[in-house]
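S.K.: give me coordinates for this.
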Amino acid sequence: MTGTEKVSGTGVAGVGMTAFLVAAGRSIEATRTDALARDTYARAFLETAPGCADWPTHLGQVPDGDADPLWGRLARFFGLRTRAFDDFLTEAAHNCRQVVVLGAGLDTRAHRLAWPDGTTVFEIDHEDVLRFKQSVLDARNAVPRAARVALPVDLRQDWTGPLIAAGFDPTRPTAWLAEGLLPYLPPTAERDLLRILDTHSAPGSVLGCEVKHGVDAVAQRDYPIYAAVRERTGIDLLALLSAEARPQTVAELAALGWTSDVYTPFDFTRQYGRGPQPAPDDALAANRWIFATCSAALRSVAA
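M.R.: Numbering: from 1, shown residues only. Sure thing, here's the model as predicted:
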């Protein structure tokens, strides 16, 4: 499998393997005594997916612990990323009562985070992904802690029309999240997404996203994380990344009137006092987390 293939099995078809890879990382993270984030639903997604039956869900099932490049280092990275964007959204919610999660996958922040009264969380992803997630959450009587609207829309098609029809108000500040999305988009698709997002953002809106720069699919193929994921799960992460030159996301946002702060994952390792450290031949070194704010005058929005 390349990662674009789906987990087979009743009720699971259509959910990408990479979504379960992230869920495994979050499940393992939740079992640490010093957990950066606790997603209590992540394990349930894996238990429902036959293709992940032999994946660990607990740190105690990882013999080498953090030394394991996949279930140790990469899993801890997913825990760190989850915490960083959890904190971003929690802070943003003081001003933004509508949150849009783009490519939501198996994200459960609507259920996990303490949202202010009046917050609505919109989750956008393919219908089969959202249906699977809902079935697992329903089986566990999970109750969202904000108004939650799941939108089965392909981001390659018109998604703002259904979003507005579902109650999204582009004249109000919005917190946008693209946690593990942009690196997998072709450059043109990323630019289009940012432009559309911008035209539907009121001043004070914020965006949290992840980008990757300097990835060489040939030279980095044997990096420990990429090799371990490929050999032990069948997911070729490098094959999923666009081979085209990546956009300069911060510059693209600046041209649209957004100001950005950019961090490496290791900045948050230092901030939280735990998490992955830099390493030789490091697949994580290319990752950047961007937190941007829309400060330009309100533009006309698409109907």
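S.K.: in the lowest-mean-pLDDT helix or strand in the chain, what counts as buried?
M.R.: Every helix and strand in the chain was compared by mean pLDDT, DSSP states H and E; the lowest is helix 237-240, with a mean of 92. Neighbour counts over helix 237-240 (16 or more other CB atoms under 10 Å) mark 237-238, 240 as buried. For every residue, glycine as well, the C-beta is placed using N, CA and C.
S.K.: nearest to Leu130, of these?
M.R.: Closest approach between the buried residues of helix 237-240 and Leu130, by CB to CB: Leu240, at 20.8 Å.
S.K.: tell me the centre residue of the chain?
M.R.: Centroid check for the chain by CA atoms, centre = their mean gives Glu179 as the closest residue, at 2.8 Å.
S.K.: you'd agree it is up against Ala84?
M.R.: No. The criterion here is CB atoms under 8 Å, and Glu179 misses it with Ala84 at 9.4 Å.
S.K.: residues in contact with the residue nearest to the centre of the chain?
M.R.: 81, 85, 101, 103, 107, 208-210 (CB atoms under 8 Å, 6 or more residues apart in numbering).
S.K.: ok, Thr82 next?
M.R.: Counting by CB under 8 Å, 6+ apart, Thr82 makes contact with 26, 29, 36-37, 39.
S.K.: swap in 10 Å and give it another go.
M.R.: Residues counted as contacts of Thr82 (CB atoms under 10 Å, 6 or more residues apart in numbering) are 22, 25-26, 29-30, 35-39, 42, 107, 109, 112, 179.
S.K.: ok, so of those residues, who is nearest Leu74?
M.R.: Gly25 (6.4 Å).
S.K.: separation between the residue nearest to the centre of the chain and Asp138?
M.R.: Distance check for Glu179 against Asp138: by CB to CB, to the nearest Å, it reads 24 Å.
S.K.: want to throw the contacts of Glu179 into TSV with secondary structure?
M.R.: Formatted as TSV, the contacts of Glu179 follow (DSSP: H, G, I helix; E, B strand; the rest coil):
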residue	secondary structure
Arg81	helix
Phe85	helix
Val101	strand
Gly103	coil
Asp107	coil
Gly208	strand
Cys209	strand
Glu210	strand
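S.K.: of these, grab the buried ones for PyMOL.
M.R.: Buried residues among the contacts of Glu179 (16+ other CB under 10 Å), as a PyMOL selection:
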select buried, resi 81+85+101+103+107+208+209+210
